[in-house]
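Visitor: Got a sequence here, can you model it:
(2 chains)
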Amino acid sequence: NAGVMQNPRHLVRRRGQEARLRCSPVKGHSHVYWYRQLPEEGLKFMVYLQKENIIDESGMPKERFSAEFPKEGPSILRIQQVVRGDSAAYFCASSPGTVIEQYFGPGTRLTVT
Amino acid sequence: KNQVEQSPQSLIILEGKNCTLQCNYTVSPFSNLRWYKQDTGRGPVSLTIMTFSENTKSNGRYTATLDADTKQSSLHITASQLSDSASYICVVSAANTGKLIFGQGTTLQVKP
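Guide: Numbering: from 1, shown residues only, chains lettered A, B, ... in the order given. Next comes the predicted model:
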């Protein structure tokens, strides 16, 4: 069984560009979570999605950030008009339901120049 | 405010030695506490998960303890190996929201 897959693993964007981060959950998992890890800090919750629904986006910045988990295909975290402060590692996790265990992907490291 | 504090921030030990990492939390209401290992450049991998009623849980050379009264947990690593070098993260789940609150992690370096 493949684990959570994220791509790209590394992404470099210039200020003002858009960043699209993809997450393919474990096969059969319908719950996806996105976290951000700023340098020298712990992971912080951003958003929790189920197929076609955003369940909790309380950790998402109000502007420029959006997330989706369509019926078909991976979950996408989209950051518009990136700024230097968006540079971080973005991790996706998935679970089969409202159970305890979340399985993390390897992360996407975004660098904004 | 729900918080998870870990100590020490970093630790260096010699291969074969034991070590203990600490975690204090103020998350309420409490659901469960997890310890994750995060290798450099990788995502966190679960080591143990403990609910309110569990005091200790082992996973190979890793043993986690939980004192729900004092809101403290520890992760004990026995007979350390070079591959134990990683960041160890304490994560507490809030019962009312289900959200995971992450500590900043303890960076462990095991030297030969």
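
Visitor: Can you name the residue of chain A nearest to chain B?
Guide: residue A:104 (3.5 Å; CB to the nearest CB). (Each C-beta comes from the backbone N, C-alpha and C, glycine too.)

Visitor: contacting residues around that residue?
Guide: A:4, A:91-93, B:36, B:43-45 (CB atoms under 8 Å, 6 or more residues apart in numbering or on different chains).

Visitor: Could you list which of these belong to strands?
Guide: A:91-93, B:36, B:45 (DSSP state E).

Visitor: can you list the residues you listed in JSON lines and add neighbour count and distance to residue B:98?
Guide: Converted to JSON lines, the ones in strands among the contacts of residue A:104 look like this (neighbours: other CB atoms under 10 Å in any protein chain shown; distance: CB to CB, whole Å):
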{"residue": "A:91", "neighbour count": "26", "distance to residue B:98": "17"}
{"residue": "A:92", "neighbour count": "29", "distance to residue B:98": "17"}
{"residue": "A:93", "neighbour count": "25", "distance to residue B:98": "13"}
{"residue": "B:36", "neighbour count": "25", "distance to residue B:98": "17"}
{"residue": "B:45", "neighbour count": "14", "distance to residue B:98": "20"}
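
Visitor: could I get those as JSON lines with distance to residue B:60?
Guide: Below are these laid out as JSON lines (distance: CB to CB, whole Å):
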{"residue": "A:91", "distance to residue B:60": "24"}
{"residue": "A:92", "distance to residue B:60": "27"}
{"residue": "A:93", "distance to residue B:60": "23"}
{"residue": "B:36", "distance to residue B:60": "15"}
{"residue": "B:45", "distance to residue B:60": "13"}
